[in-house]
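Undergrad: The amino acid sequence is not available; the structure is as follows:
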């Protein structure tokens, strides 16, 4: 909990998510301008992409944890409490972006190449994910497995951290590892993305982020 305004609670996870979404959108806006894509078109498409991504990520998380939400369906859309599934967000956001592009084409509006649109989003996605993982760190979600008793080098990846239930033990530091990895991916895409072929920046993001997420998945306790 970051602070309270009367009965309204503001969570650090929520603030981190908002910062990540805002920075990611701003970076896409800047890169769209450099790529000679109308910046307002980027913002318009970005709005629907973010909406579809957040909804897809939340619905995926609820589906994966249906054993809990079956008895707490009123909390299925409680975004402030945390819980977004990256794969669902990717599918929801990507589908929304493509649907928005098809609708603009059907209405006769100019539309950029879909590869250019996805490339413009990639660096912002990487930085936004870093903030999402920071929110997970502060909220205790995506927590690491119990790491007590492990010898080096695995013990070097452990620290005393709580999980989402408030249980504080020595865990693998999954969230800090992914924050660092996302920042490295962001820097790499920012510096070399322009040298890649059309669609290559987004493809590189998918491959790099997925590799990091897969590796850290072996250390997670959830």
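TA: On my side now, so go ahead. Everything quoted here is computed from the prediction, not taken from an experiment.

Undergrad: How about the secondary structure of the most centrally placed residue in the chain?
TA: Closest to where the C-alpha atoms of the chain average out (CA atoms, centre = their mean) is residue 129, at 3.7 Å. Per DSSP: H, G, I helix; E, B strand; the rest coil, the local secondary structure of residue 129 is helix.

Undergrad: ok, it touching residue 183?
TA: No. Between residue 129 and residue 183 there is no contact under CB atoms under 8 Å: 9.5 Å. To be clear about C-beta, it is placed using only N, CA and C from the backbone, and glycine gets the same treatment.

Undergrad: ok, back up a step: what does the pLDDT read for the closest residue to the residue nearest to the centre of the chain other than its chain neighbours?
TA: Spatial nearest neighbour of residue 129, chain neighbours left out: residue 182 (4.5 Å); criterion: CB to CB, 6 or more residues apart in numbering. Residue 182 is assigned 97 on the pLDDT scale.

Undergrad: what helix or strand does residue 182 sit in?
TA: For residue 182, the element it lies in under DSSP states H and E is helix 174-192.

Undergrad: Please name every helix or strand in contact with that helix.
TA: The helices and strands touching helix 174-192, judged by 3 or more CB pairs under 8 Å, 6 or more residues apart in numbering; DSSP states H and E, are helix 114-139, helix 200-217.

Undergrad: Could you check how far the first one is from the centre of its chain?
TA: To tie it back to what came earlier, the one meant is helix 114-139. Distance, stretch centre to chain centre, for helix 114-139: 5 Å (CA atoms, centre = their mean, to the nearest Å).

Undergrad: Same check on the last one?
TA: Taking CA atoms, centre = their mean, one finds the center of helix 200-217 at 12 Å from the center of the full chain.

Undergrad: I'd like the numbering to begin with 193 instead of 1 from here.
TA: Okay, using 193 as the starting number, the last item reads as helix 392-409.

Undergrad: who's in contact with that helix?
TA: With contact meaning CB atoms under 8 Å, 6 or more residues apart in numbering, helix 392-409 is reached by 278, 282, 307, 310-311, 313-315, 317-318, 321, 366, 369-370, 373-374, 377, 380-381, 385, 388.

Undergrad: and with 6 Å instead?
TA: 310-311, 314, 317-318, 366, 369-370, 373, 377, 381, 385 (CB atoms under 6 Å, 6 or more residues apart in numbering).

Undergrad: swap in stretch 294-305?
TA: Residues contacting stretch 294-305 (CB under 6 Å, 6+ apart): 229, 293.

Undergrad: can you give me the mean pLDDT across that stretch?
TA: 87.

Undergrad: what residue ranges in the chain score low on pLDDT?
TA: Residues of the chain meeting the criterion pLDDT under 70: 272-274.
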